[in-house]
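Visitor: Structural data only, the sequence is not supplied:
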């Protein structure tokens, strides 16, 4: 088993370029306490020489883990806009889907022409304003009821 892993590692090193990553260094983790926590860099983005020359700005971002012990990885051929680490993460609310105007709201406010990362920040702010206008504070409403 160890020889096969070594052979595979040598094959990868001789043929592929590891694109590295932005975001969390390790793409896999498990455990709930310091005694049980383990993590590793399992998921990676690789490219051959031709791809790397064609997309010299290409980069990989490890996204936050959601409902899995693995990170999703996002590969961009032209880099990513800088993301501030202090930004509050976007939280999608399932109740939005049930609102009669949600589909229209998304279609009206989605912009494919803008770079994805900078647009997502703007879209999230638009979603937060829409949420405040439509749903106000559901926790306050719940306690009032």
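Guide: Okay, I see it. Every value quoted in this text rests on a predicted model; they were computed, and no experiment measured them.
Visitor: alpha carbons only for contacts and neighbour counts from here, please
Guide: Fine.
Visitor: I'd like to know how many residues surround residue 96.
Guide: 16 (other C-alpha atoms under 10 Å).
Visitor: Can you mark which positions in the longest helix seen in the chain are buried?
Guide: The longest helix of the chain (DSSP state H) is helix 116-135. Within helix 116-135, the residues that count as buried by 16 or more other C-alpha atoms under 10 Å are 119, 121, 123, 127, 131.
Visitor: now do stretch 5-23
Guide: 19, 21.
Visitor: do the same with stretch 95-113
Guide: residue 96.
Visitor: end to end, how far does it reach?
Guide: 28 Å (C-alpha to C-alpha, to the nearest Å).
Visitor: can you give me the mean pLDDT across the helix or strand containing residue 103?
Guide: Taking DSSP states H and E as the definition, residue 103 sits inside helix 102-109. Helix 102-109 carries an average pLDDT of 91.
Visitor: Can you check what angle separates it from helix 116-135?
Guide: Orientation of helix 102-109 against helix 116-135 (axes from the mean of the first three to the mean of the last three C-alpha atoms, to 10 degrees) gives an angle of 140 degrees.
Visitor: Show residues contacting helix 102-109.
Guide: The contact list for helix 102-109 (C-alpha atoms under 8 Å, 6 or more residues apart in numbering) reads 96, 97, 123.
Visitor: again, but for stretch 123-138
Guide: Contacts of stretch 123-138 (C-alpha under 8 Å, 6+ apart): 90, 96, 109, 110.
Visitor: and it, how far out from the chain's middle?
Guide: 22 Å (C-alpha atoms, centre = their mean, to the nearest Å).
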